[in-house]
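In: got a sequence here, can you model it:
(2 chains)
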Amino acid sequence: MDAQHATLRSKEEIKENLKKPEVITGSEILLRSLVLEDVECVFGYPGGAVLYIYDAMHGFSDFHHLLTRHEQGAIHAADGYARASGKVGVCIATSGPGATNLVTGIATAFMDSVPLVVITGNVATTLIGTDAFQEADITGITMPITKHSYLVRKAADLPRIIHEAFHIANTGRKGPVLIDIPKDVSAELALFEPSTEINIRGYSPTVTPNKLQIDKMIKAIAEAERPIVLAGGGVVYSGGHEELHEFIIKSGIPVTTTLLGLGAFPSGEDLWLGMPGMHGTYTSNTAIQDADLLINIGARFDDRVTGKLSGFAPKAKIVHIDIDPAEIGKNVPTDIPIVGDVKTVLQLVNKEVQYTEKADAWRAKLAASKAEKPYSYTDSDEELKPQWVIEMLYEESKGEAIVTTDVGQHQMWAAQYYKFKQPRSWVTSGGLGTMGFGFPSAIGAQMANPDRLVISINGDGGMQMCAQELAICAINKIPVKVVIINNQVLGMVRQWQELIYDNRYSHIDLSGSPDFVKLAEAYGVRGFRASNKEDARAVWQEAMNHDGPAVVEFVVRKHENVYPMVTQGSTIDQMLMGDAE
Amino acid sequence: MKRHTIAVLVNDQPGVLQRVSGLFGRRGFNIESITVGTSEEAGLSRMVIVTTGDDNTLEQVTKQLYKLIDVIKVVDLSANPMVGRELALIKVTADPTARPEILGVVETFRAAVVDIGTTSLMVQVVGDTEKIDAMIELLKPYGIRELSRTGVTAMIRGNAR
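Out: Okay, here's the model as predicted:
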């Protein structure tokens, strides 16, 4: 994939050398520790406070380092890497502005429980608190959006801290961990001895659930006439998708997958109802409202899923399975709380669960509803419809691509019309809804999966928030296929202004956007454009045949909206159906 | 809205108070008082937090606190028979003619005069929140110049746990 980055030395070979105790600098300790944590790829941007670290990286070839063009690009790339691989994403930035440029990306990862280790430089310990040049209290600033953080005081603490940070990031409910390293600490000499043990008092996530609660759940399933499973990102993160599949097939319970849960269950199968919530399927939303048993597996009852909370799943007994006890009962009162790792819980459940005999009529009803009211749009031969573009991408890639998206209408159309067969093929900012995420996260996803097709679907708005990272695709020959669904407007904002603000379109016109084809070419990336079906398929095929990164702009109908839609304050069965109405 | 007193055992790390108080702030939980000091074990501090809210709020407070890596243990003290105390220093205007009266109040409350100025007295009082409130009410007519309260520290009674 990458001319600059040859194959890394074998891990065993490196590790044996690294394990020998030796007096080295804090920076060298950091790099060695990262290698010992199996880090293969780091995204970063140097600056004054991390000069020692980058000096130690000069000629260092035991992991790849990708120099992004903005720290926001670095952290979203690390995030995409983590989501697409299941490994911890790592990024490095300097102190002050470098560190604060990471804030959006840290919050994005925090909201979606993505494991990251974020390394920032800081001014020397002697200068901390003096408002020194490029000083920012980044541990303080990021406290609400990190799972944990460290301000390193001594180089000798680094091996333990780094080992703990990776452990904390990637266990329990996953999340970003920040390590702030003052400049003098990165220069300080200390004896490096690899840290191999974890001893964090007070931190021991509950993996194995309470057996009595499992029994209650089994009993509730046996009694249910209208059961439904709501599966979320936790299924993907725990690696429990096979267990979920077994559970659904064995029990015969219909399943709806949240935005972050897409791919947790193969979307083509009969029992899959689609996505629930604000832009979910008619069948998922009405099924939740009619259900007498709702089993939430690794989802957090986000308001985009529940709609008006007081009217959510009014007839259902609620089972909630989550590794984070604080999620249970936070938004929706729970009848059967099950704290544990989704994979482990489902393994136990699968030993006992029986087919829900009483739910035959329910299954038949939902199957009919699914056939009767799928996602639909009115196609056009004159104008390119964004939904058609997504369907075309799905057909052409046979559903095998890793798809990353930005945030907005294109994101919802991608969620609706691209069908995901497997987990970790869908990378999107759910909780925070971060524009600018889509494209750089694709770079990370591609670094994690050099041999897979990675399609990054963006709007014309979000693409302009991190477009500068086209440079690293070009330089490093990262073959991401960047799609821009261009409707020349901030589409989702326009949709809300239309439906809720009485058509008063306020500051949504994106006229003055660059010529995206020329922009791509300015960076040395192939650019394509299409505005009708015939051209769209042809340029897509040409982009696919091009060996390297490409930007493909699809100029689509400006006034297209996402349906169904549940407006705020409504229950989820009160859907605007749009074209289908 | 009930008042809850909780004890939080935390790692004695820089920033840990910020983590705990920040959590209360951003999740919309109320802090009526918060006290921090060393505990019986080196390296661990004990915070005592008085908060108000219904039982669901208390449950969320507890669960969210446990998510902090530096939090070792959270105990709802007020669910048990508990001793809760705070200390207040009250500087009250006290011309020589008013002193005997004030000393009478101090004695009744088993408080103490810990400093005497030409026109003021400093009163130290220890007790539960209600006692301190009552003492302040009684001293108000004389003129309170300065008031400093520590907030509540608390423990479960001997045999209760």
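In: where does the residue of chain B most remote from its centre sit: helix, strand or coil?
Out: Distance from the C-alpha centroid of chain B peaks at B:Thr97, with 33.1 Å (C-alpha atoms, centre = their mean). Classification of B:Thr97 using DSSP: H, G, I helix; E, B strand; the rest coil returns coil.
In: do the same with the one 10 residues further on
Out: In terms of secondary structure, B:Glu107 is helix; the call rests on three-state DSSP.
In: picking that back up, any idea how far A:Trp388 is from the residue farthest from the centre of chain B?
Out: 93 Å (C-beta to C-beta, to the nearest Å). C-beta coordinates here come from the backbone N, C-alpha and C atoms, glycine included.
In: pLDDT score assigned to the residue in the stretch 151-300 of chain A that chain B sits nearest to?
Out: Going by C-beta to the nearest C-beta, chain B is nearest to A:Gly202 of the stretch 151-300 of chain A, at 3.9 Å. A:Gly202 carries a pLDDT score of 88 in this model.
In: for it, which residues are in contact?
Out: B:11, B:69-73 (C-beta atoms under 8 Å, 6 or more residues apart in numbering or on different chains).
In: in a markdown table, list these along with neighbour count and secondary structure.
Out: Output for these, formatted as a markdown table (neighbours: other C-beta atoms under 10 Å in any protein chain shown; DSSP: H, G, I helix; E, B strand; the rest coil):
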| residue | neighbour count | secondary structure |
| --- | --- | --- |
| B:Asn11 | 17 | strand |
| B:Ile69 | 24 | coil |
| B:Asp70 | 22 | coil |
| B:Val71 | 22 | strand |
| B:Ile72 | 19 | strand |
| B:Lys73 | 14 | strand |
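In: now the residue of the stretch 151-300 of chain A closest to chain B: which helix or strand?
Out: Using DSSP states H and E, A:Gly202 sits in no helix or strand.
In: which SS state does residue 34 fall under?
Out: The chain I'm using is chain A. helix.
In: what's around it, how many residues?
Out: Around A:Leu34 there are 21 other residues, counting by other C-beta atoms under 10 Å in any protein chain shown.
In: residue contacts, it?
Out: A:Leu34 is in contact with A:42, A:63, A:90, A:162, counting by C-beta under 8 Å, 6+ apart.
In: pLDDT below threshold where in chain B?
Out: B:160-161 (pLDDT under 70).
In: again, but for the stretch 1-150 of chain A
Out: Using pLDDT under 70, the stretch 1-150 of chain A drops low at A:1-7.
In: name the residues of it found near chain B, please.
Out: Residues of the stretch 1-150 of chain A lying close to chain B by C-beta under 8 Å from any C-beta of the partner chain are A:139-140, A:143-144, A:147-148.
In: follow-up on the earlier one: quick check, nearest of the contacts of A:Leu34 to A:Phe420?
Out: A:Val90 (26.2 Å; C-beta to C-beta).
In: my guess is A:Val207 meets A:Lys343, correct?
Out: No: A:Val207 lies out of contact with A:Lys343 (C-beta atoms under 8 Å); the separation is 9.0 Å.
In: who has more neighbours out of these two?
Out: Legend: neighbour count by other C-beta under 10 Å for A:Val207 and A:Lys343, higher for A:Lys343 (20 against 15).
In: what does chain A put close to chain B?
Out: Checking chain A against chain B by C-beta under 8 Å from any C-beta, the hits are A:139-140, A:143-144, A:147-148, A:151, A:168, A:173, A:200-203, A:324-326, A:329-330.
In: which residue is the nearest non-sequential neighbour of A:Val489?
Out: For A:Val489, ignoring the flanking residues on the chain, the nearest one in space by C-beta to C-beta, 6 or more residues apart in numbering or on different chains is A:Ile508 at 5.3 Å.
In: could you do B:Asn11 as well?
Out: Excluding the flanking residues, the one nearest B:Asn11 by C-beta to C-beta, 6+ apart is B:Asp70, at 4.2 Å.
In: need the contact list for the one you found.
Out: A:202, B:10-11, B:13, B:16, B:19.
In: try it again at 6 Å.
Out: Applying C-beta atoms under 6 Å, 6 or more residues apart in numbering or on different chains, we find B:Asp70 in contact with B:10-11, B:13, B:16.
In: list phi and psi for the closest residue to A:Lys317 other than its chain neighbours.
Out: Counting by C-beta to C-beta, 6+ apart, A:Lys317 lies nearest to A:Asp335, which is 4.7 Å off, once chain neighbours are set aside. When read as degrees, to the nearest 10, the backbone of A:Asp335 gives phi -90, psi -40.
In: what's the pLDDT at A:Asp335?
Out: Note on A:Asp335: pLDDT of 98.
In: distance of it relative to A:Gln354?
Out: 20 Å.
In: higher neighbour count, those two?
Out: Using other C-beta under 10 Å, the more surrounded residue of A:Asp335 and A:Gln354 is A:Asp335, with 14 against 11.
In: that one reaches A:Ile318, doesn't it?
Out: Yes: A:Asp335 lies in contact with A:Ile318 (C-beta atoms under 6 Å); the separation is 5.2 Å.
In: hang on, A:Ser113 in a strand?
Out: No: using three-state DSSP, the assignment for A:Ser113 is coil, not a strand.
In: ok, the nearest residue to it once chain neighbours are set aside - contacts?
Out: Leaving aside its sequence neighbours, A:Ser113 sits nearest to A:Lys174 (C-beta to C-beta, 6+ apart; 4.8 Å). Listed by C-beta under 6 Å, 6+ apart, the contact partners of A:Lys174 are A:113, A:115, A:237.
In: give me the number of residues near the first one?
Out: Neighbour count for A:Ser113, taken as other C-beta under 10 Å: 24.
In: show me what contacts it?
Out: A:173-175.
In: low pLDDT regions in chain A?
Out: A:1-7, A:579-581.
In: if you set the cut-off to 90 instead, what comes out?
Out: Within chain A, the stretches with pLDDT under 90 are A:1-21, A:195-196, A:202, A:268, A:568, A:578-581.
In: domain ranges for it, per the record?
Out: Annotated domains of chain A cover A:7-192, A:211-373, A:386-562 [the TED database].
In: among those domains, which comes closest to B:Ile34?
Out: domain A:7-192 (16.6 Å).
In: chain center to that closest one: distance?
Out: The chain centroid and the centroid of domain A:7-192 are separated by 20 Å under C-alpha atoms, centre = their mean, to the nearest Å.
In: I'm done for today, thanks for sticking with me.
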